[in-house]
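**Q** sequence unknown, structure follows:
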């Protein structure tokens, strides 16, 4: 099993920045890739970004590309999501997830095996 704990959410004004963290514990050696997703009320969970756990390949959704950056600190078993130039439409609960499959930095919700509890990000306009 892998446990994931997100932190760093909060309230920020439009144009501001936040950095989310996701600390992994347990059988982290089974992780192949890590992803960030978000979900707003009444909407489906959507892909934000992903990174290969023991590599450097990354993938972003078009809506956050050039504004968000996913990174990892393997020594700390932690993945980060740096969010810049935030917009009101970025408001959502943000979840990190871990995938054990050798699929690359997948963007499909159903490919992920473990999920964190989520952290709220609210961007005021």
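**A** That came through, no problem. Just so we're clear, the structure is a prediction, and the values are computed from it rather than from any experiment.
**Q** the closest residue to residue 85 other than its chain neighbours: what's it in contact with?
**A** Spatial nearest neighbour of residue 85, excluding adjacent residues (CB to CB, 6 or more residues apart in numbering): residue 67 at 4.7 Å. (C-beta placed from N, C-alpha, C; glycine too.) Applying CB atoms under 8 Å, 6 or more residues apart in numbering, we find residue 67 in contact with 83-86.
**Q** make a markdown table out of the residues you listed and add distance to residue 113, secondary structure and pLDDT.
**A** Converted to a markdown table, the contacts of residue 67 look like this (distance: CB to CB, whole Å; DSSP: H, G, I helix; E, B strand; the rest coil; pLDDT from 0 to 100):
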| residue | distance to residue 113 | secondary structure | pLDDT |
| --- | --- | --- | --- |
| 83 | 25 | strand | 98 |
| 84 | 29 | coil | 98 |
| 85 | 32 | coil | 98 |
| 86 | 29 | coil | 98 |
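**Q** now for these: which two are most distant?
**A** Spatial extent of those (CB to CB) is set by the pair 83 and 85 at 8.2 Å.
**Q** anything in contact with each of these two?
**A** Shared contacts of residue 83 and residue 85, defined by CB under 8 Å, 6+ apart, comprise 17, 67.
**Q** who's more crowded, the two?
**A** Each of residue 83 and residue 85 has its neighbours counted (other CB atoms under 10 Å); residue 83 has more, 26 against 13.
**Q** is that one bridged to anything, and to what?
**A** residue 18, residue 68 (DSSP bridges).
**Q** mind putting the contacts of residue 67 in a markdown table, distance to residue 53 included?
**A** Shown next, in a markdown table, are the contacts of residue 67 (distance: CB to CB, whole Å):
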| residue | distance to residue 53 |
| --- | --- |
| 83 | 21 |
| 84 | 24 |
| 85 | 27 |
| 86 | 26 |
